[in-house]
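1. Got a predicted structure here, sequence first:
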Amino acid sequence: MNLANTLAAFPLAVRKFNPRLLVHSPVMFTVFIGSLVCTLVSIQQLVQGSPVAVFSALVTVWLWLTVLFGNLSEAIAEGRGKAQADSLRAARTSVMARRRLAGPGGPGTFTEELVPGTELAVGDIVVCEAGDLIPSDGDVIEGLASVDESAITGESAPVIRESGGDRSSVTGGTMVLSDKIAVRITAASGKTFLDRMIALVEGSTRQRTPNEIALNVLLASLTIVFVVCVMALAPMANFANALPTPVVLVALLVCLIPTTIGALVPAIGIAGMDRLIQRNVLATSGRAVETAGDITTLLLDKTGTITYGNRRAVEFGPADGVAPFRLIAAARLSSLADETPEGRSIVDLALEQGDGQPAQAPEELSADVEVIEFSAVTRMSGLNLPPGYPANPGTRVLEVRKGAAAAVERYALERGGFVPQELEEKVLEISATGGTPLLVATFDGTRAQVLGVIHLADVVKPGMKERVAQLRAMGIRTVMITGDNKITAGAIAGEAGVDDFVAEATPEDKLAVIKREQEAGRLVAMTGDGTNDAPALAAADVGVAMNSGTSAAKEAANMVDLDSDPTKLIDVVGIGKQLLITRGSLTTFSVANDVAKYFAIVPALFAATFPGLGLLNIMGLHSPESAILSAVIFNAIIIVLLVPLALRGVKYRAVSAAKALSRNLLIYGLGGVIAPFIGIKLLDLVVALIPTIA
Ligand SMILES: Nc1ncnc2c1ncn2[C@@H]1O[C@H](COP(=O)(O)OP(=O)(O)OP(=O)(O)O)[C@@H](O)[C@H]1O
Ligand SMILES: [K+]
Ligand SMILES: [Mg+2]
């Protein structure tokens with residue numbers, strides 16, 4: 001919080017003097033009403049030339065300042081996102097898009113038209129080439145490109161976006177650096193990722209969280225209690241012929257109700273979201289941020305989350321007695337129509353290793369070939385070929401499949417085949433290194449033959465082990481959950497240092513694991529990137545999608561990590577805990593502060609009337625009026641003084657939440673009790689210099 005930000009926030013703070021906005025905070029609304037009452041009373045007193053008119057006017061001014069400071073704290077918090085929002089807006093410049101239309105030559109032919117990006121509808125297909133800004137969010141349906149996403153991630157290294165796999169989503173406003181892709185638009189104009197991001201950093205879509213609402217209910221109840229207390233004082237004061245005016249009663253009330261926390265609650269929430277954005281995490285739900293503070297289990301997807309996810313074929317391992325070229329040809333054939341990165345990498349490797357021989361299958365698959373697409377449930381992909389298909393002269397091949405070892409083994413067994421011993425061993429070998437083995441099989445109508453194995457290699461993201469250990473220290477159990485086989489999963493789990501893993505999981509299994517953890521009363525976070533993770537991401541208490549992932553995953557999650565770092569949850573948890581602790585600490589301070597204020601000024605108020613109370617006036621405050629005015633000023637100023645703390649957050653260390661809370665309650669409770677005595681005494685010394693406050 002610097003002076004420039006504070007000044008910049010003033011106009012917004014003034015605009016917030018709107019009863020319809022203020023009513024969201026019962027405490028500040030009460031101050032607002034009190035200020036109105038005091039204004040009327042002061043005017044009347046001034047007109048009548050009452051001796052207490054100056055006192056009343058001064059109190060009234062400080063009451064209005066109390067409301068202003070409350071507005072200001074919120075405005076400052078909101079203003080911090082403004083610069084970022086402006087730079088994001090710059091990325092949202094409207095671009096012309098090349099929309100693809102069906103061509104005159106029938107299916108498979110296209111023409112293009114140029115349309116403004118804002119006119120694109122969901123489902124439109126656009127073509128982007130090197131140098132083009134991608135006009136809106138979408139999924140790559142054809143091709144592969146390197147994309148500069150720095151406009152949204154701030155990360156200058158280009159990323160690969162390609163059709164078919166879990167790295168298929170592109171974001172409007174990012175730039176294609178090389179190659180050409182076709183993109184199916186998934187977001188309507190005005191509803192893109194960038195639009196949501198701008199709304200988020202500006203705080204304009206902020207919704208109050210259940211915790212915030214609960215706190216407001218508590219504060220409202222306290223306010224009512226104090227209203228009753230002050231009303232009870234009124235007849236007593238009349239009787240004692242002291243405390244003459246409604247201004248004094250309002251001042252007393254405002255000092256007693258929890259204005260400090262009431263004023264700071266929005267700023268604390270906004271600042272928490274802001275801290276997440278600073279760490280490149282976009283949260284669409286404030287509730288998820290708070291929940292993150294109490295997470296005890298983290299589920300991580302393997303491919304694309306723990307690993308980079310660009311699984312590539314690195315080796316073909318034929319079975320004994322199978323000529324390498326037969327395996328290579330079959331692997332290639334099985335992948336010709338496989339649009340996944342794995343499938344394409346197999347075609348690439350086959351071309352590279354195919355002895356320079358021309359491929360045995362024509363590039364264009366004829367219409368009577370049936371494509372069996374990969375699914376996370378079947379774990380296989382391949383083709384069904386018509387009899388006499390030219391792919392394999394001399395051999396009769398009706399079906400070709402590749403897939404997870406267990407899936408292909410089942411497939412082969414059902415068709416009278418088996419997995420030779422040496423292939424079983426190769427599968428284990430590849431798995432033990434953390435690689436993914438795919439078996440390749442053909443079926444000639446009578447018997448299936450397993451020809452060999454393809455080794456898919458993937459790389460674990462760096463620093464996983466250390467970060468997982470950090471999560472463990474925070475009391476969070478990490479579980480990797482993957483569609484891959486047990487041994488590969490075990491190897492990667494070991495390399496990443498996670499506490500546990502679940503292998504051969506279908507999307508339903510991923511969801512079931514979440515449900516089971518939740519039923520055991522645990523709060524679960526899930527990080528994932530794939531469409532197969534989407535149901536689990538949606539069900540988790542905190543769902544963090546990798547920005548590299550699919551639109552479905554990003555849509556389902558309540559947070560997106562722009563850096564695609566699965567261990568970002570450490571930061572998210574820290575921020576969530578800090579948010580809760582900050583709110584708790586400042587609430588404690590505020591309430592302690594209010595009670596202490598009471599003891600600081602009440603003896604001074606009644607000292608003249610009840611001499612016995614004078615003895616309690618250990619503060620030696622100048623006069624009842626100066627005591628009240630000092631208390632009101634202190635009450636307003638403390639808000640401003642605590643704004644930096646509300647924005648920065650109370651220091652959070654990786655100790656258990658309960659320990660941190662009790663420690664903070666002590667510090668902020670004691671601080672809250674002591675501060676008013678010192679502050680009010682100092683202010684009283686100054687206020688006593690005002691001539692009419694005798
Ligand atoms: N294109 C493909 N063709 C055939 N089989 C595949 C293909 N891609 C993956 N497989 C096999 O199917 C298994 C399950 O894939 P799935 O996408 O469900 O999970 P995953 O990518 O291995 O792991 P994660 O769920 O951690 O991302 C893979 O482990 C692999 O053995
Ligand atoms: K107060
Ligand atoms: Mg994945």
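-> Now that the structure is in, tell me what you want to look at. All values derive from a computational prediction rather than experimental measurement. Ligands and ions are numbered 1, 2, ... in the order given.

2. Quick check: residues of the stretch 151-300 of the chain near ligand 2?
-> Taking C-beta under 5 Å from the ion, the part of the stretch 151-300 of the chain that reaches ligand 2 is made up of residue 259. Just so you know, the C-beta spots here come from the backbone N, C-alpha and C atoms, and that holds for glycine as well.

3. Give me the neighbour count for the residue of the stretch 151-300 of the chain found nearest ligand 1.
-> Residue nearest to ligand 1 within the stretch 151-300 of the chain: residue 166 (6.5 Å; C-beta to the nearest ligand atom). By the criterion of other C-beta atoms under 10 Å, residue 166 has 27 neighbours.

4. ditto for residue 156
-> Residues lying near residue 156 (other C-beta under 10 Å) number 8.

5. Kindly report the same for residue 421.
-> The tally of other residues near residue 421 (other C-beta under 10 Å) stands at 10.

6. returning to what we had before: excluding its backbone neighbours, what's nearest the residue of the stretch 151-300 of the chain closest to ligand 1?
-> Nearest residue to residue 166, sequence neighbours excluded (C-beta to C-beta, 6 or more residues apart in numbering): residue 530, at 4.1 Å.

7. and residue 449, that's in a helix?
-> No. Assigned with DSSP: H, G, I helix; E, B strand; the rest coil, residue 449 falls outside any helix and is strand.

8. Can you verify my assumption that it contacts residue 440?
-> No. The pair residue 449 / residue 440 is not scored as a contact, 9.6 Å apart, by C-beta atoms under 8 Å.

9. Comparing those two, which residue is more hemmed in?
-> Ranked by neighbour count (other C-beta under 10 Å), residue 449 and residue 440 place residue 440 first, with 33 against 21.

10. Now do the same for that one: helix, strand or coil?
-> Under the three-state scheme (three-state DSSP), residue 440 adopts strand.

11. With the one 5 residues further on instead?
-> Secondary structure assignment for residue 445 (three-state DSSP): coil.

12. What distance do you get for the residue lying closest to it once chain neighbours are set aside to residue 503?
-> Spatially, and ignoring its direct neighbours in sequence, residue 445 is nearest to residue 398 (5.0 Å; C-beta to C-beta, 6+ apart). Distance of residue 398 to residue 503, computed by C-beta to C-beta, to the nearest Å: 32 Å.

13. can you check residue 105 too?
-> Remark: distance between residue 105 and residue 503 (C-beta to C-beta) = 48 Å.

14. Of these two, which one has the most company?
-> Comparing residue 105 with residue 503 by other C-beta under 10 Å, the one with more neighbours is residue 503, at 20 against 9.

15. Would you mind giving me the confidence score for that one?
-> The model reports residue 503 with a pLDDT of 95.

16. try residue 308
-> Looking at residue 308, its pLDDT reads 88.

17. OK, contacts around it?
-> Counting by C-beta atoms under 8 Å, 6 or more residues apart in numbering, residue 308 makes contact with 458, 459, 461.

18. and which of these is nearest to ligand 2?
-> Minimum distance to ligand 2 across the contacts of residue 308 is 49.3 Å, recorded for residue 461 (C-beta to the ion).

19. and that closest one, how far is that from residue 481?
-> Using C-beta to C-beta, residue 461 is found at 16 Å from residue 481.

20. which one of those two has more residues nearby?
-> Counted by other C-beta under 10 Å, residue 461 and residue 481 do not tie: residue 481 has more neighbours, with 24 against 17.

21. And for whichever residue of the stretch 1-150 of the chain sits closest to ligand 1, the neighbour number?
-> Ligand 1 sits closest to residue 144 of the stretch 1-150 of the chain, with a gap of 15.2 Å, by C-beta to the nearest ligand atom. Neighbour count of residue 144, defined by other C-beta under 10 Å: 19.

22. Over to residue 110?
-> Residues near residue 110, counting by other C-beta under 10 Å: 13.

23. and residue 81, what does it touch?
-> 200, 201, 202, 203, 270, 274, 277.

24. Most neighbours of all these, which one?
-> When neighbours are counted by other C-beta under 10 Å, residue 270 leads the contacts of residue 81 with 25 neighbours.

25. Tell me the pLDDT of that residue.
-> pLDDT, residue 270: 87.

26. Before we go further, it is sitting in a helix, right?
-> Yes. With three-state DSSP as the criterion, residue 270 is assigned to a helix.

27. Show me this structure divided up by domain.
-> 3-81+203-277+574-687, 93-192, 299-308+459-562, 315-454 (automatic domain parsing).

28. Now look at the last one and say if it contacts ligand 3.
-> In this case it means domain 315-454. No. Domain 315-454 lies out of reach of ligand 3 by C-beta under 5 Å from the ion, never closer than 9.2 Å.

29. for that domain, what is the average pLDDT?
-> The model assigns domain 315-454 a mean pLDDT of 87.

30. picking that back up, doesn't residue 309 make contact with the residue of the stretch 151-300 of the chain closest to ligand 1?
-> Yes. With contact defined as C-beta under 8 Å, residue 166 counts as touching residue 309 (5.9 Å).

31. Spell out which residues are contacts of both of the two.
-> Common contacts of residue 166 and residue 309, defined by C-beta under 8 Å, 6+ apart, comprise 303, 529, 548.

32. Excluding chain neighbours, what is closest to the last one?
-> Read that as residue 548. With C-beta to C-beta, 6+ apart as the criterion, residue 548 has its nearest non-adjacent residue at 4.3 Å, and that residue is residue 564.

33. now swap in residue 182 and tell me
-> Closest residue to residue 182 apart from its sequence neighbours, by C-beta to C-beta, 6+ apart: residue 142 at 3.9 Å.

34. Give me the local confidence score for the residue in the stretch 551-694 of the chain that ligand 3 sits nearest to.
-> Per C-beta to the ion, residue 553 is where the stretch 551-694 of the chain lies closest to ligand 3, at 8.5 Å. Note for residue 553: predicted pLDDT of 91.

35. Which residues of the stretch 51-200 of the chain lie near ligand 3?
-> By C-beta under 5 Å from the ion, the residues of the stretch 51-200 of the chain that approach ligand 3 are residue 166.

36. What ranges does the stretch 51-200 of the chain have for its strands?
-> Using DSSP state E, counting those that start in this stretch, the strands of the stretch 51-200 of the chain run over 96-102, 110-116, 125-129, 138-142, 144-148, 159-162, 169-170, 175-178, 180-185.

37. Rebuild those strands as TSV, extending it with mean pLDDT and distance to residue 687.
-> What follows is the strands of the stretch 51-200 of the chain, written out as TSV (pLDDT from 0 to 100; distance: least, C-beta to C-beta, whole Å):
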stretch	mean pLDDT	distance to residue 687
strand 96-102	91	66
strand 110-116	91	63
strand 125-129	95	68
strand 138-142	92	64
strand 144-148	92	61
strand 159-162	89	62
strand 169-170	92	62
strand 175-178	91	61
strand 180-185	94	65
